[in-house]
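>>> Quick one, fold the following:
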Amino acid sequence: MVKYRLTNYLICPECRHTPLSLNVIEKTYHKNRDIDVKPCDFYCAYLDKREGDIENPPCRECMKYEVVYGYFLCSKCGEWYPIIDKIAIMHRGKYRPRKAIIEFIEKYRDMIPDNLVRRELSREKG
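You can find the predicted model right below:
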C-alpha cells in the first residue's frame with residue numbers, strides 16, 4: 001500500500017535521487033485508523049515540505065490516507081513511476097509492466113503530463 005509517508009524513504013531507481021515527488025490521482029481515507037508514528041525524517045509528502053519547513057506535522061491524519069492511483073516523479077532525471085491499485089511500479093527497462101502502465105495512461109490521460117506519456121509510449125517493448 002502506498003502512503004504519503006513512503007515518499008520519505010524512496011529513491012529513484014534510475015538516478016538515485018531523493019525525494020521523489022508524489023502526484024496523487026485517487027486516494028482512500030480511513031477515518032477510524034489511528035496510528036501513532038514519528039514524523040518523516042527529511043520530507044513530508046503529505047504537506048509537500050522539507051525538513052526545517054515542517055512545524056507540527058499532522059502525522060496521524062496523514063496515516064489515514066492510502067494512494068490508490070498516482071505516480072512518483074524524479075525531479076533530477078525525469079523518470080516516473082506509476083502507482084496502480086495501491087502498488088508503486090518502480091521497475092526499470094524491460095521489467096516495467098508495459099500493459100498495466102498503458103492501461104493506467106489510458107484511464108488517467110488527462111491527469112498525467114504529456115511529456116511523461118510521450119516518454120512511456122516511446123519506450124521499446126521489452
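>>> Every contact and neighbour count from this point should use C-alpha atoms.
OK.
>>> Strands along this structure, start to end?
Applying DSSP state E to the chain gives strands spanning 21-29, 43-44, 49-50, 65-73, 80-84, 87-88.
>>> In terms of mean pLDDT, which of the ones you listed ranks lowest?
Lowest mean pLDDT within the strands of the chain: strand 49-50, a mean of 88.
>>> show me where the chain has helices.
Under the criterion DSSP state H, the chain contains helices at 59-62, 98-108, 114-122.
>>> Stretch 58-67: which residues count as buried?
Using 16 or more other C-alpha atoms under 10 Å as the test for burial, stretch 58-67 gives 59, 61-67.
>>> Which other helices and strands does the helix or strand bottoming out on mean pLDDT in the chain contact?
Lowest mean confidence among the helices and strands of the chain (mean pLDDT, DSSP states H and E): strand 49-50, at a mean of 88. The helices and strands touching strand 49-50, judged by 3 or more C-alpha pairs under 8 Å, 6 or more residues apart in numbering; DSSP states H and E, are strand 43-44.
>>> Name the residues linked to the residue nearest the centre of the chain by a beta bridge.
For the chain, the residue sitting closest to the mean C-alpha position, by C-alpha atoms, centre = their mean, is residue 72 at 3.3 Å. Listed by DSSP bridges, the beta-bridge partners for residue 72 are residue 22, residue 81.
>>> shouldn't it be in contact with residue 78?
No - with contact defined as C-alpha atoms under 8 Å, residue 72 does not count as touching residue 78 (10.0 Å).
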